[in-house]
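Novice: Below: sequence and its predicted model.
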Amino acid sequence: MSTTASASRVLPWALIGAACLGSFAATSSGTTRAPFLLSMAHDLDVSMPLVANLVSMTSITWGIASAVGGVASDWIGRRVLLIAGLFFLSLMMVAQAYAGTFFWVAVWVTVAGGCSGAFMGVVFAEVSARVPDHQRGRAMGWVMSGQSLTLVVGVPLAAWIGSMVGWRGWSLVLAGLAFAASLSLVITVARGPGTAGHAARQPRLSAALTPAVLALLGTGIAERICYGLAAIYFATFLQEIYGLSLAAVAVPLAIFALGNIAGTIIGGQIADRRRDRLLTFAIAMALSAVTALALFTWHPAPAISVALGAAYCLVNALGRPSYMAALAAVPDEVRGTVLGLNGATASVGWVGAAALGAVMVSTVGFEGFGPLAAVLSVLGVLGSLGCRRLARRQVAI
């Protein structure tokens, strides 16, 4: 116990706290749109699936900016990208709040996705660079808890505040959070090791894009689609299946999301206690397959669906810190590139989740979500086991 406590004390808690706030603001800029799909469609006079596909627009620029920002951070340093990304995100949220048509909402959502993407890949690289490998699972888990809080706090809070001020008022709230997060990073991300870049070392792309890394990035796409199906559509699922109002989904969504944050924190502990992180990730994906089938194909009562949703979030999140810690185990001079590419592939997953979910809703309904998520989870299991073999072969060589 004393060893664990000692190890915890050396974690850069101020930086981790600022990173959590920033990741909460960045993720909330897209995810907390979920309770407003129907109201936005009515306000902007467009269909609900079209509003849902704003996630795709966000994800495309998020992915591009994450990849470009990751490479840039290895050359010019991380500090400026962390601070500027959140500052300009706050401006984009104000612009969304005052947009008069769907076209302009889409424009500002797209730019906001780029701002968030430039921040997210770089912040994981910054935090992982400040801790040794045996602590990266916990450090990554805590940063990801900022994203998880988007579900446990952000979405229910959005539903509650949005019931009073609408989706436009909620956009202004998010603008203030993003600005506060930018200021917190000005204070906590001081110039020093990990922020100055590595231009003198001439980082090589081939050092980052090993076969094991590429395979793991591909596997992450399947995992993000599975997570995105629930994160994007669960509020609408409750509204459509059980006829709940916008305000009524706030508490169920909070319970649903508690599983995510618990899984992220527990998963961080597991990642630092088990050397075989890819096997941990594979087990979590296997459990996700079973839970997804129960969640989306069996819905006898709201309480049971919420409980199953919390269980699904928990098992899905258990493997994420192990996945991120495995990706971060690369040379520091290319870590920004690798984790930036992770943001890009994660965005592909979000696009896939939004698009596949919209197709399912308009054709077979929410009952199709379970088999789809189960198949993708099984692909994630096979992919992670394949990455495990590649990594072992690379070490042997």
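Specialist: Perfect, I can see it now. For clarity, every value in this text was computed on a predicted model and none was experimentally measured.
Novice: Model confidence at residue 111, what's the number?
Specialist: On pLDDT, residue 111 comes in at 94.
Novice: Please name the nearest non-neighbouring residue to it.
Specialist: Leaving aside its chain neighbours, residue 111 sits nearest to residue 92 (5.2 Å; criterion: CB to CB, 6 or more residues apart in numbering). Just so you know, the C-beta spots here come from the backbone N, C-alpha and C atoms, and that holds for glycine as well.
Novice: burial of that neighbour, as a residue count?
Specialist: Other residues near residue 92 come to 24 when the count uses other CB atoms under 10 Å.
Novice: gap between it and residue 139?
Specialist: Going from residue 92 to residue 139 by CB to CB, to the nearest Å gives 28 Å.
Novice: Next one: residue 29 from residue 281, what distance?
Specialist: Using CB to CB, we find residue 29 at a distance of 27 Å from residue 281.
Novice: Name the next helix or strand downstream of the helix or strand of the chain with the lowest mean pLDDT, please.
Specialist: The helix or strand with the lowest mean pLDDT-type score in the chain, counting by mean pLDDT, DSSP states H and E, is helix 2-9 (a mean of 43). Sequence order places helix 13-31 as the next helix or strand after helix 2-9, per DSSP states H and E.
Novice: I would like the residues contacting stretch 283-296, please.
Specialist: 222-223, 226, 230, 237, 267, 305, 308-309, 311-312, 315-320, 322, 366-371, 373-375, 377-378, 380-381, 384 (CB atoms under 8 Å, 6 or more residues apart in numbering).
Novice: what separates it from the chain centre, distance-wise?
Specialist: Centre-to-centre, stretch 283-296 and its host chain are 19 Å apart (CA atoms, centre = their mean, to the nearest Å).
Novice: residues of that stretch that come out buried?
Specialist: Of the residues in stretch 283-296, those buried under the neighbour-count criterion (16 or more other CB atoms under 10 Å) are 283-289, 291-296.
Novice: does the residue nearest the centre of the chain sit in a helix, a strand or a coil?
Specialist: Geometric centre of the chain, nearest residue: residue 147, 5.8 Å, by CA atoms, centre = their mean. Of the three states, residue 147 takes helix under DSSP: H, G, I helix; E, B strand; the rest coil.
Novice: so what's it scoring on pLDDT?
Specialist: For residue 147, pLDDT reads 77.
Novice: what packs against the helix or strand hosting residue 252?
Specialist: Assigned by DSSP H and E, residue 252 belongs to helix 250-273. Here helix 250-273 touches helix 136-149, helix 155-188, helix 211-242, helix 277-297, helix 302-318, helix 320-328, going by 3 or more CB pairs under 8 Å, 6 or more residues apart in numbering; DSSP states H and E.
Novice: Indicate which one of those helices is closest to residue 129.
Specialist: Of all the helices and strands packed on helix 250-273, it is helix 320-328 that lies closest to residue 129, at 8.5 Å by CB to CB.
Novice: Also compute the angle for that closest one relative to helix 277-297, please.
Specialist: On the basis of axes from the mean of the first three to the mean of the last three CA atoms, to 10 degrees, helix 320-328 is oriented at 140 degrees to helix 277-297.
Novice: For helix 320-328, output the C-alpha coordinates as PDB.
Specialist: Taking Å, rounded to 0.1, in the frame of the first residue of the first chain, the C-alpha atoms of helix 320-328 are listed here in PDB:
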ATOM      1  CA  ARG A 320      -8.900   1.800 -22.900                       C
ATOM      2  CA  PRO A 321      -6.100   2.800 -20.500                       C
ATOM      3  CA  SER A 322      -4.200  -0.400 -21.500                       C
ATOM      4  CA  TYR A 323      -4.700   0.400 -25.200                       C
ATOM      5  CA  MET A 324      -3.400   4.000 -24.700                       C
ATOM      6  CA  ALA A 325      -0.500   2.900 -22.500                       C
ATOM      7  CA  ALA A 326       0.500   0.400 -25.100                       C
ATOM      8  CA  LEU A 327       0.400   3.100 -27.800                       C
ATOM      9  CA  ALA A 328       2.500   5.400 -25.700                       C
END
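Novice: Just list the residues touching the nearest residue to residue 323 once chain neighbours are set aside, thanks.
Specialist: In this structure, residue 323 finds its nearest non-sequential neighbour in residue 281, 4.9 Å apart by CB to CB, 6+ apart. Each residue near residue 281 by CB under 8 Å, 6+ apart is listed here: 319, 320, 322, 323, 326, 380, 384.
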